[in-house]
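S.K.: please work out how this folds:
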Amino acid sequence: MINDRTEIDQRLISILKSNSRMPLADIAKEIGISRVTAKHRIDELVDSGVISGFTLKLSIEDENLAIVQFEKGVDLPSDLLLEDYELMDGSHMSVLHYEDIPKIGDMEIKDLKIVKKRNFFDANIRLSHVHCDYCGKLITDSPIRVKLNNHTYYACCTNCEGSLRKRVSRLEETKIEKR
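M.R.: As a prediction, this is how the structure comes out:
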């Protein structure tokens, strides 16, 4: 479970959810750990089953989809299903390509929606026990994510977010002046 993971593990997972192909050296640099530590932590997350795989997403797979809600559980062939959700009322919502709708057959359909475009927000995993990158305070609710210069920072409040943005821009200006 992600909530039982260390802050480093949570930040690793967040980075990998947004770009699982990011070079290990870049991941380590973003988190502020060594490359060896990053590799070790990722290996442990895989070995423990927290990370079950790394998925390739094709842009064409995010178009021309259908969301089908079935009255009860269905036994659709797995090659038709992109996603399947069991709802609290016992019904199922399944995502599939709309050209596969005729292959459903005579199953009881409760609702059907055609999707224009699917968007993913993979980096928005639930984080707990993460500290604010500005003031260092433990963030008890959902952190504010600040993406600056290919680095993700976490802030506990809008004041820290604004101050963090100023601090990072000053550091960048200083780096530019030194060049």
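
S.K.: outline the domain layout of this protein.
M.R.: Per automatic domain parsing, the structural domains of the chain span 1-57, 59-117, 129-179.

S.K.: with mean pLDDT and mean neighbour count added, can I get the ones you listed in CSV?
M.R.: All C-beta spots, glycine's among them, are computed from the backbone N, C-alpha and C. Shown next, in CSV, are these (pLDDT from 0 to 100; neighbours: other Cβ atoms under 10 Å):
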stretch, mean pLDDT, mean neighbour count
domain 1-57, 84, 14
domain 59-117, 83, 13
domain 129-179, 84, 14
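
S.K.: in the protein, which spans are strands?
M.R.: Secondary structure of the chain (DSSP state E): strands at 63-70, 83-86, 92-97, 109-117, 130-131, 138-139, 144-148, 151-155.

S.K.: out of those, nearest to Phe54?
M.R.: Set against Phe54 and scored by Cβ to Cβ, the strands of the chain come closest in strand 83-86, at 17.5 Å.

S.K.: okay, now the sheet partners of the closest one, with direction.
M.R.: strand 92-97 (antiparallel) (DSSP bridges).

S.K.: that'll do, ta.
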